[in-house]
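need a 3D model of the following:
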Amino acid sequence: MAPLAGMLRERGFRVTGSDSGVYPPASTLLESLGISFFHTFNAAHMQPAPDLVVIGNIIARGNPELEEVLDRKIPYRSMPEILEEVFLPEKHSIVVSGTHGKTTTTAMLAWIFQTAGKRPNFLVGGVAENFGKSYGLGGGEEFILEGDEYETAFWDRGPKFFHYHPDDLIITSLEYDHADIYPDFETYQLAFRRLVNLVPRRGRVVIWGDVEESGPALRRAAEKAFCPVETYGFNDANDWVASGFSIDGEMMRFRIAQRGKHFGEFALTATGRHNVLNAMAALIVAQGRGISAADIAKALATFRSVKRRMDVRGEIGGVLVVDDFAHHPTAVKATIEAARGRWPGRRLWAILEPRSNSMRRKVFQDALPKSLALGDRVILGGVFRAQQLGGENRLDPETVAESVRALGKDARVLPSSDSIADYLGAESKPGDLLLIMSNGSFDGLCEKVLKKLGASQLAGEAKTR
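Now for the predicted structure:
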């Protein structure tokens with residue numbers, strides 16, 4: 001919502017807002033743009049009445065400002081409706097959807113278009129480091145959007161991406177997620193099949209095509225297309241194939257062929273095979289919009305990822321602290337594998353907060369241990385807002401830890417970020433990698449761990465004097 005406020009401000013609207021708490025990077029963005037905001041909800045904020053109220057999808061009946069809007073019949077819209085009505089008309093809509101990788105892929109696309117001088121308009125669900133913000137209104141022909149399958153608003157339970165009218169559509173992957181919205185995987189898949197069905201005949205659908213890994217769900221979704229469908233991956237049966245991988249310092253190098261013909265050689269600082277897949281999806285769309293392989297290669301080599309994707313927070317006493325957004329068993333697996341490749345030889349601690357609406361539930365309880373066991377040592381935090389879920393639905397971290405131990409790895413559950421920081425401060429050793437994974441702040445765990453490591457180093461230096 002903060003990036004949308006910034007976009008509206010840049011379009012000349014006077015914008016104010018309310019939330020139950022506004023923190024960086026949202027607060028710093030709003031302050032830099034001169035947008036005033038309240039840290040509480042109050043009906044008095046509707047005086048004088050605004051011309052329009054944009055209501056976020058977390059806002060529910062009972063919210064005092066929402067009740068005032070409904071009582072006084074103040075016009076209102078959802079965030080996707082504003083994009084649909086104000087920003088997308090007369091633009092070529094490029095929508096990046098899928099369970100995993102959509103934020104990074106959207107940021108990659110925006111940077112490719114920027115590097116090629118295409119002046120992209122874009123909105124990303126994270127801070128794109130090359131731009132230092134989550135959005136841009138460059139004024140070019142394209143609008144590049146992260147297509148979120150989460151619900152739109154309290155009155156519109158359909159996914160946000162139905163409002164984005166894709167001309168080019170990427171689906172990076174399909175695995176069950178958002179168990180609070182979709183009761184089963186079939187319902188989840190149905191939303192993507194309907195999205196594919198919205199792409200016009202002149203458009204294009206781009207999907208991950210390694211069927212043995214991506215599963216049949218993507219192929220079933222692609223069957224709903226009335227436009228060309230292009231596949232990418234590592235298998236030679238795909239239209240676009242990546243091969244020739246090598247690590248060169250901080251860079252990962254690979255080459256791409258299009259239907260058996262060499263397309264180009266590329267390099268990324270973002271490690272892991274999942275980022276190669278993200279780059280492939282982005283370059284296919286870019287190539288289709290007239291961007292050369294040389295410009296794509298230049299952009300990918302200088303791409304700086306998205307905040308909280310393998311984000312190095314600091315190294316103290318030889319202990320490296322890395323923050324990541326992973327909150328699904330597949331994402332946890334990919335993140336650990338990528339960390340292994342980027343920092344080989346380090347003892348890797350996999351530290352996870354069950355925080356997302358799906359991760360808090362039992363739906364991933366059986367799959368999660370195998371992913372976490374790719375680490376050398378495992379720590380699970382307590383379930384975020386556990387009291388909101390009944391025991392029959394709630395993930396049991398102790399059961400997950402027991403399953404990890406059965407796979408031969410040390411695993412324990414610690415109830416709070418303070419207890420985890422204390423434990424890591426005492427047990428971590430020089431050369432360790434602390435990989436902290438959560439789709440939230442983990443109650444400031446990264447900062448607490450760095451503080452503990454700093455105190456331990458000072459204490460150690462004092463003993464040697």
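
could you chop this structure up by domain?
Split into domains by automatic domain parsing, the chain comes to 2-74, 81-301, 311-464.

and the average pLDDT for the longest one is what?
By that I understand domain 81-301. Average pLDDT, domain 81-301: 94.

gap between the two ends of that domain?
Using C-alpha to C-alpha, to the nearest Å, the end-to-end distance of domain 81-301 comes out at 35 Å.

next one: that domain to chain centre, how far?
Put simply, domain 81-301 sits 12 Å off its chain's centre (C-alpha atoms, centre = their mean, to the nearest Å).

show me the helices in the stretch 51-200 of the chain, by range?
64-72, 79-82, 102-115, 185-196 (DSSP state H, counting those that start in this stretch).

is it possible to get TSV of the ones you listed that adds distance to Gly318 and mean neighbour count?
For glycine as for every other residue, the C-beta is placed from the backbone atoms N, C-alpha and C. TSV is the format used below for these (distance: least, C-beta to C-beta, whole Å; neighbours: other C-beta atoms under 10 Å):
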stretch	distance to Gly318	mean neighbour count
helix 64-72	50	16
helix 79-82	44	20
helix 102-115	29	27
helix 185-196	43	18
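
let's have the ones you listed in CSV, adding distance to Arg220.
What follows is the helices of the stretch 51-200 of the chain, written out as CSV (distance: least, C-beta to C-beta, whole Å):
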stretch, distance to Arg220
helix 64-72, 38
helix 79-82, 25
helix 102-115, 19
helix 185-196, 7
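
so which of those comes closest to Gly12?
Closest approach to Gly12 among the helices of the stretch 51-200 of the chain (C-beta to C-beta): helix 79-82, 14.2 Å.

residues in contact with the closest one?
Identification of contacts with helix 79-82 by C-beta atoms under 8 Å, 6 or more residues apart in numbering yields 1, 4, 8, 54, 56-57, 152-153, 160-164.

just give me the closest of these to Ala367.
Nearest to Ala367 out of the contacts of helix 79-82 is Phe161 (C-beta to C-beta; 25.1 Å).

so who does that closest one touch?
When contacts are counted by C-beta under 8 Å, 6+ apart, Phe161 is found next to Pro80, Val95, Ser97, Gly147, Asp148, Glu149, Leu195.

highest neighbour count among those?
Taking other C-beta atoms under 10 Å as the neighbour criterion, Ser97 ranks highest of the contacts of Phe161 with 28 neighbours.

which among the contacts of helix 79-82 end up buried?
Met1, Leu4, Leu8, Val54, Asn57, Thr152, Ala153, Lys160, Phe161, Phe162, His163, Tyr164 (16 or more other C-beta atoms under 10 Å).

look up how far Glu149 lies from the second one.
When distance is defined by C-beta to C-beta, to the nearest Å, Leu4 is 18 Å away from Glu149.

same check, this time on the fourth one
For Val54, the distance to Glu149 (C-beta to C-beta) stands at 20 Å.

what do you get for the last one?
Tyr164 sits at a distance of 11 Å from Glu149 (criterion: C-beta to C-beta).

for the first one, same thing?
Met1 sits 18 Å away from Glu149, going by C-beta to C-beta.

same check, this time on Asp311
Counting by C-beta to C-beta, the gap from Asp311 to Glu149 is 24 Å.

ok, now how distant is Trp208 from Ser214?
Separation of Trp208 from Ser214 (C-beta to C-beta): 5 Å.

that should have said Ala116, apologies.
29 Å.

sorry, back to before: in the buried ones among the contacts of helix 79-82, find the pair that's most separated.
Among those, Leu8 and Phe162 lie farthest apart (C-beta to C-beta), at 21.3 Å.

dead centre of the chain: give me the residue that sits there.
Geometric centre of the chain, nearest residue: Thr103, 4.5 Å, by C-alpha atoms, centre = their mean.

roughly how far does it sit from Gly244?
27 Å.

just to revisit the earlier point, out of the helices of the stretch 51-200 of the chain, which is closest to Glu398?
Checking those against Glu398 by C-beta to C-beta gives helix 185-196 as the closest, at 26.5 Å.

packing partners for the next helix or strand after that closest one?
Going down the chain from helix 185-196, the next helix or strand is strand 204-208, by DSSP states H and E. Strand 204-208 is packed against strand 168-171, helix 216-222, strand 229-233, helix 273-288, with contacts defined by 3 or more C-beta pairs under 8 Å, 6 or more residues apart in numbering; DSSP states H and E.

which parts of the following helix or strand past strand 204-208 are buried?
Using DSSP H and E, the helix or strand that directly follows strand 204-208 along the chain is helix 211-214. By 16+ other C-beta under 10 Å, the buried positions in helix 211-214 come out as Ser214.

what's helix 211-214 in contact with?
For helix 211-214, using C-beta under 8 Å, 6+ apart, the contacting residues are Ser173, Leu174, Ile207, Trp208, Leu218, Arg219, Gly233, Asn235.

and the first one, how far from Leu218?
Distance of Ser173 to Leu218, given as C-beta to C-beta: 7 Å.

just Arg304 next, same as before
For Arg304 relative to Leu218 (C-beta to C-beta), the value is 29 Å.

do the same with Ala242
17 Å.

over to Phe41?
Separation of Phe41 from Leu218 (C-beta to C-beta): 41 Å.

ok, those two, which is more surrounded?
Comparing Phe41 with Leu218 by other C-beta under 10 Å, the one with more neighbours is Leu218, at 24 against 16.

related to what we said a few turns ago, shared neighbours, Ser173 and Leu218?
Common neighbours of Ser173 and Leu218, using C-beta under 8 Å, 6+ apart, are Trp208.

quick check: the spatially closest residue to Ser78 that is not a sequence neighbour vs Ile74, distance?
Of all residues not flanking Ser78 in the chain, Ala153 sits nearest, at 3.9 Å (C-beta to C-beta, 6 or more residues apart in numbering). Ala153 sits 15 Å away from Ile74, going by C-beta to C-beta.
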